[in-house]
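Peer 1: Generate a structure from the sequence data that follows.
(one chain, ligands or ions: 1)
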Amino acid sequence: MQALDPFGSIYAKVGSEKPFFSLVEAFYALVEQDEILRPLYPEDLTPAKEHLALFLIQRSGGRNTYSLERGHPRMRARHMPFKIGQKERDAWVKNMNQAIGETPEFTPHKEVMQDFFSEFATFMINQPH
Ligand code: HEM
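Peer 2: Numbers count the residues shown, from 1 in each chain. This next block holds a predicted model:
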């Protein structure tokens with residue numbers, strides 16, 4: 001299914017969880033400074049980091065601890081409590097693209113990851129503005 005889901009084979013290619021945790025650290029360091037996104041997140045970002053890392057490990061073909069701990073991903077439903085319009089989506093994608101750029105292990109997978117996050121983030125939009 002690689003042609004249909006290239007993101008789903010990234011874990012096997014990278015072969016380690018470490019870059020996923022590095023990516024999430026880099027991403028949330030940017031969120032911490034982001035005036036559009038920071039207000040949407042709780043004060044303590046530690047659980048959000050853990051959940052995003054485990055979700056990405058699972059979604060890219062690694063261990064399925066995310067679903068064991070959190071249940072079915074239902075990402076769109078889980079994001080409904082937060083107002084996500086185009087502006088929030090674009091800020092999220094910009095920070096994630098920068099975080100990918102700061103994680104050298106992902107350099108060969110940059111394009112696949114950027115496409116995946118771009119589409120996924122658009123799907124999270126739940127507000128007209
Ligand atoms: C489009 C803009 C997005 C915004 C503004 C946003 C915002 C948020 C917020 C505020 C939370 C809750 C954090 C917490 O309670 O600790 C969250 C959770 C989460 N988000 Fe996003 N998000 C966006 C897109 C995405 C995308 C594209 C992905 C994945 C590719 C993603 C994956 C997750 C995951 C895995 C969680 C944790 C869910 C859980 O198990 O509770 N988000 N997001």
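Peer 1: Pro73 versus the spatially most central residue of the chain, what's the distance?
Peer 2: Centroid-nearest residue in the chain: Leu52, 5.8 Å away (criterion: Cα atoms, centre = their mean). Computed as Cβ to Cβ, to the nearest Å, the Leu52 to Pro73 distance reads 11 Å. All C-beta spots, glycine's among them, are computed from the backbone N, C-alpha and C.
Peer 1: try Glu111
Peer 2: As defined by Cβ to Cβ, Glu111 lies at a distance of 23 Å from Pro73.
Peer 1: Show the average pLDDT along stretch 6-19.
Peer 2: Averaged over stretch 6-19, pLDDT sits at 98.
Peer 1: first vs last residue of that stretch, how far apart are they?
Peer 2: From its first residue to its last, stretch 6-19 covers 17 Å (Cα to Cα, to the nearest Å).
Peer 1: distance between it and the chain's centre?
Peer 2: Taking Cα atoms, centre = their mean, to the nearest Å, the mean C-alpha location of stretch 6-19 is offset from the chain mean by 14 Å.
Peer 1: mind listing what's buried in it?
Peer 2: Within stretch 6-19, the residues that count as buried by 16 or more other Cβ atoms under 10 Å are 6-7, 10-11, 14, 17, 19.
Peer 1: any idea which of those is closest to the ligand?
Peer 2: The ligand lies nearest to Phe7 out of the buried residues of stretch 6-19, by Cβ to the nearest ligand atom, at 9.2 Å.
Peer 1: you'd agree that closest one is up against Lys110?
Peer 2: No - counting by Cβ atoms under 8 Å, Lys110 is not a contact partner of Phe7; they are 11.9 Å apart.
Peer 1: Give me the three-state assignment for Pro81.
Peer 2: Here Pro81 is coil, with the state taken from DSSP: H, G, I helix; E, B strand; the rest coil.
Peer 1: about what we covered before: for the buried residues of stretch 6-19, name the two members farthest from one another.
Peer 2: The distance between the two most remote of those (Cβ to Cβ) is 19.2 Å, for Pro6 and Glu17.
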